[in-house]
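structure for this input, please:
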Amino acid sequence: MQFIKKLYLCTLEVPHCTMKKSLIITTATLMLAACTTPEPYGPVPTEAQLAWQRMEINMFCHFGPNTFSGAEWGSGQEAGDLFAPTALDCRQWVDVATQAGMGGIILTAKHHDGFCLWPSKQSSHTVSDTLDVVQAFVDACREHGVKPGVYISPWDRNHPTYGTDAYNDVFVNTLKEVHNNYGSFFEQWFDGACGEGPNGKKQHYDWPRFMQTMHDLNPQAIIFSDIGPGCRWVGNEEGHAGETNWSTLTTEGATPSENKPNPSELETGHQNGTRWIPAEVDVSIRPGWFWHPDEHPKTVEELMEIYYSSVGRNGLLLLNVPPDTRGRIPAEDSAVLVAFRQERDRIFATDLAQGAKAHAWHRFGHSAQNVLDTAYHTYWAALSKDPWISIEMDSVTDFDIIVIQEYIPLGQRVTSVQLWTQAYDDLYPYTNIDNPLCTTVGYKRIIRCNDNPRHWSAKKIVLHFQGEAPPVINRIALYNTQAQ
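So this is what the prediction gives:
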């Protein structure tokens, strides 16, 4: 615990000449550091990826013929009039998303059955001209300041050309039709599923062409697939990222359908990966992805566990909330979502570190105190790969959550965090908490107390970071879930 001893170095008596020399060197080092911003380390997010990550939670809406048939994967042979919502209200979806604290909604405009929720000229398996769900959806989103996203599956169990080279032309034209006719979408969701076509041939998707088409249509859109490039599948549909979760991934030679990393790699990402491809955690509020009358939503407690394991592990949570046969989100689902928002607001209402004093022995010209403010673009930048920072409150404080955020515009660096607490003042020893506290941090890491009693009590805490490069931390916050 060499770094703990550094807390007391300033109180040691040293020869005058040594102190003078040390002060000169330290002052010169700090003056140089104060004039410098740390260089980015490794891949970093684009502005669009950073804005996407800061959304934290978005809504997924699986809606289509499966809503009415009870299937999860349709056959593609559904009758054209099967899809018949009786009271379609996309504004209600937007209202629920807003109340739940979600800034974006992604609609399954075409699932594997090939049915298009807009009157497509690329297929005969579509809604009528008078029931353009995609138009109603984007209008509702844009009227109320929610970002619309779109899911368009390349698998098509209906189209006669599926399984031939001609289908790739069809799919490219489908992308152009949606993105040109309905404006800009914040995210394009590509499912990598690939099944047999009606002619028995498996489709070989032209992924480079699909990706280039999307770049030409909307270069700012976050493109989701198993391997990005905008964001990646997290490797499971249970609602959790890995305990270790890097936002970097090495994807050379892979496609969303072939040669891709295995699910366990997608859960953790790749340390020192070559590209910035953060994890999106997709999970449904109900057992199925589409609405089924005999299913019910998860509880607030279950959703909070998902939140801690997704957003709290450097992921973005994409929570599926399927509309019913009316074309509305059921009341029981919306009630749970509102309560979920209220519970998050309650827990994270009061940062107990506000008003505290932060100190770090070595810093890169950016004050340690910056970790306690709420401005995103301020941060503490360390000079070494294993720095420490102390946070001292005015009095002994009970807390059971620590939130740590790296300043990811300069890269993801942290590999380990350790915690020491001090109950009263410097006359009392430090307590080494069950370490390491966590491995990776990334955009946001939420660490919960597992001790008995289930909280920490401290006047001062010391966090010891280790990293691939000197850590750059823009937020440390403390919360007590038991506070009323």
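
got the contact list for T268?
Contacts for T268 (Cβ atoms under 8 Å, 6 or more residues apart in numbering) come out as 242, 244-246. C-beta coordinates here come from the backbone N, C-alpha and C atoms, glycine included.

any chance of those residues in TSV with neighbour count, pLDDT and distance to V462 as columns?
As requested, these are arranged in TSV below (neighbours: other Cβ atoms under 10 Å; pLDDT from 0 to 100; distance: Cβ to Cβ, whole Å):
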residue	neighbour count	pLDDT	distance to V462
G242	22	98	27
T244	17	98	23
N245	26	98	24
W246	25	98	25
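
just name the closest of those residues to Y407, please.
Top of the list for closeness to Y407, among the contacts of T268 and by Cβ to Cβ, is W246 at 15.9 Å.

which phi and psi does the residue lying closest to that closest one once chain neighbours are set aside have?
Closest residue in space to W246, ignoring its immediate chain neighbours: G269 at 3.2 Å, by Cβ to Cβ, 6 or more residues apart in numbering. For G269, the backbone dihedrals are phi 70, psi -170 (criterion: degrees, to the nearest 10).

hmm, G269 is touching L249, no?
Yes: G269 lies in contact with L249 (Cβ atoms under 8 Å); the separation is 5.4 Å.

overlap of the contact sets of the two?
232, 277.

these two: which is more packed in?
G269 (29 against 25; other Cβ atoms under 10 Å).

what number of residues lie near the nearest residue to A382 once chain neighbours are set aside?
Computed as Cβ to Cβ, 6+ apart, the closest residue to A382 that is not its neighbour in sequence is P470, at 4.4 Å. Counted with other Cβ under 10 Å, residues neighbouring P470 total 20.

likewise A458?
24.

now swap in L352 and tell me
The number of residues near L352, taken as other Cβ under 10 Å, comes to 16.

dihedrals phi and psi, it?
phi -70, psi -10.

go on, I105?
Per degrees, to the nearest 10, the backbone of I105 is at phi -130, psi 130.

separation between it and G114?
The gap separating I105 from G114 is 22 Å, by Cβ to Cβ, to the nearest Å.

of the contacts of T268, closest to L319?
Using Cβ to Cβ, the contacts of T268 come closest to L319 at N245, 18.0 Å.

re the thing from before, if I've got this straight, the residue nearest to A382 is in a helix?
No: according to DSSP: H, G, I helix; E, B strand; the rest coil, P470 belongs to no helix; its state is coil.

just say helix, strand or coil for the residue nearest in space to the middle of the chain.
Closest residue to the average C-alpha location of the chain: L316 at 1.6 Å, with Cα atoms, centre = their mean. In three-state terms, and counting by three-state DSSP, L316 is strand.

quick one: low-confidence ranges for this protein?
Along the chain, the parts satisfying pLDDT under 70 run over 1-35, 362-365, 425-428, 434, 452-453, 484.

80 instead, please
1-36, 361-366, 424-430, 432-435, 451-453, 483-484 (pLDDT under 80).

for it, just list every one of the helices.
For the chain, helices defined by DSSP state H occupy the ranges 2-5, 16-34, 47-53, 65-69, 90-99, 133-143, 165-181, 207-217, 263-268, 300-310, 331-347.

got the contact list for the fifth one?
Residues lying outside helix 90-99 but in contact with it, judged by Cβ under 8 Å, 6+ apart, are 59, 61, 103-105, 133, 136-137, 139-141, 143-144, 146, 321, 323, 327-329, 333-334, 337-338, 341.

go again using 6 Å as the cut-off
Helix 90-99 has contacts (Cβ atoms under 6 Å, 6 or more residues apart in numbering) with 59, 105, 136-137, 140-141, 144, 146, 328-329, 334, 338.

before we move on, what about the third one?
By Cβ under 6 Å, 6+ apart, the surrounding residues in contact with helix 47-53 are 220, 222, 443.

centre of the chain to it, how far?
10 Å (Cα atoms, centre = their mean, to the nearest Å).

and N262, how many neighbours?
By other Cβ under 10 Å, neighbour count at N262 equals 8.

which residue is the nearest non-sequential neighbour of it?
G235 (7.7 Å).

residue contacts, that neighbour?
So G235 contacts 263, 266-267 (Cβ under 6 Å, 6+ apart).

please name the bridge partners of the residue nearest to the centre of the chain.
E280 (DSSP bridges).

neighbours of V403, how many?
18.

if you could redo that for N180, that was the one I meant.
10.

excluding chain neighbours, give the residue nearest to it in space.
L217 (6.9 Å).

ditto for R286
Nearest one to R286, counting by Cβ to Cβ, 6+ apart, is E295 at 4.6 Å.

what's the closest non-adjacent residue to E196?
K202 (5.8 Å).

quick check: that neighbour vs E39, distance?
Distance from K202 to E39, by Cβ to Cβ: 46 Å.

who's more crowded, the two?
K202 (12 against 8).

of all the helices of the chain, which lies closest to W289?
helix 65-69 (8.1 Å).

packing partners for that closest one?
Helices and strands touching helix 65-69, by 3 or more Cβ pairs under 6 Å, 6 or more residues apart in numbering; DSSP states H and E: there are none.

so how far is it from its chain's centroid?
29 Å.

what is the nearest of the contacts of G235 to R275?
L266 (13.3 Å).

quick one: contacts for the closest one?
232-233, 235.

mind putting the residues you listed into CSV with distance to I476?
What follows is these, written out as CSV (distance: Cβ to Cβ, whole Å):
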residue, distance to I476
R232, 27
W233, 30
G235, 29
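
you'd agree R445 is up against I404?
Yes: counting by Cβ atoms under 6 Å, R445 touches I404, with 4.8 Å between them.

sweet, I'm off.
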